[in-house]
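Novice: The sequence and its predicted three-dimensional model are supplied below.
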Amino acid sequence: MYLDTDVILALLKVDDWLASQVDPATLAEPKTSVATAIEVQYVMEDEWNRDRLSTVHDAIVDEGVDLVPLTTDMMDEAGSLRRSYGRINVFDGVHLGAAKAYNEPIVSTDTLYPEIDGVNHIDPRDL
C-alpha cells in the first residue's frame with residue numbers, strides 16, 4: 001500500500017485529526033516516497049522545530065513505513081496525470097504517480113483520488 005501524506009501525518013502526530021482512525025496493523029507492506037518526507041516538512045514547518053523537521057524521513061521509517069526513492073517512471077506517471085487532470089497539484093501527482101508505478105493502492109482521505117482513472121484508492125477510515 002502506498003500511503004499519502006495525510007496518513008503519514010496521522011502516524012506522526014498524536015493530535016492529528018486522522019490519528020485515531022489509522023491502525024498501522026491494517027496497512028499491508030506500507031510504503032511512501034521521499035516526496036512525502038519533503039511534503040511533511042513543508043506542511044509542518046510552522047508547528048515543528050527544525051530538529052523534528054530534519055528527521056522526518058527517520059520518523060517515517062520508525063513507523064514501519066518503507067521510504068522509497070523517486071524514479072523517472074513515477075515522475076512520468078505524475079506528469080501524465082497532471083496533464084490529464086487539472087486539479088492534481090504537484091504533490092498529488094507525485095503520490096499518485098508513485099502508487100501507479102508500484103501498482104499499489106493509494107491510502108488517502110483525498111476526495112479527488114477516487115475520480116482518477118486507473119487509481120486504486122482506499123480511504124484509511126475504511127480499513
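Specialist: That came through, no problem.

Novice: what does the one helix or strand residue 82 maps to rub up against?
Specialist: Per DSSP states H and E, residue 82 falls inside helix 72-84. Here helix 72-84 makes contact (C-beta atoms under 8 Å, 6 or more residues apart in numbering) with 33, 88, 90, 93-94, 96-98, 100-101, 116. Where you see a C-beta, it was placed from the backbone N, CA and C, and this is true even at glycine.

Novice: same thing but at 7 Å, please
Specialist: For helix 72-84, contacts defined as C-beta atoms under 7 Å, 6 or more residues apart in numbering pick out 33, 88, 93-94, 96-98, 100-101, 116.

Novice: Helices - which of these land there?
Specialist: Of the contacts of helix 72-84, the ones assigned to helices by DSSP state H are 93-94, 96-98, 100-101.

Novice: Show me where this protein has its helices.
Specialist: Applying DSSP H to the chain gives helices spanning 5-12, 34-44, 50-54, 56-62, 72-84, 90-102.

Novice: Let me know which of those helices is the nearest to residue 108.
Specialist: Set against residue 108 and scored by C-beta to C-beta, the helices of the chain come closest in helix 5-12, at 5.9 Å.

Novice: Tell me what angle that closest one forms with helix 90-102.
Specialist: If you take axes from the mean of the first three to the mean of the last three C-alpha atoms, to 10 degrees, helix 5-12 sits at 90 degrees to helix 90-102.

Novice: Now do helix 5-12 and helix 34-44, the angle between them.
Specialist: Relative orientation of helix 5-12 versus helix 34-44 (the same axes, to 10 degrees): 70 degrees.

Novice: residues making contact with helix 5-12?
Specialist: Contacts of helix 5-12 (C-beta under 7 Å, 6+ apart): 16, 18-19, 22, 24, 32, 36, 39-40, 59-60, 63, 65, 91, 107-109, 124.

Novice: Give me the residue at the spatial middle of the protein.
Specialist: Closest to where the C-alpha atoms of the chain average out (C-alpha atoms, centre = their mean) is residue 4, at 1.9 Å.

Novice: so who does that one touch?
Specialist: 95, 106-108, 110.

Novice: cool, residue 49 as well?
Specialist: With C-beta under 7 Å, 6+ apart as the criterion, no residue contacts residue 49.
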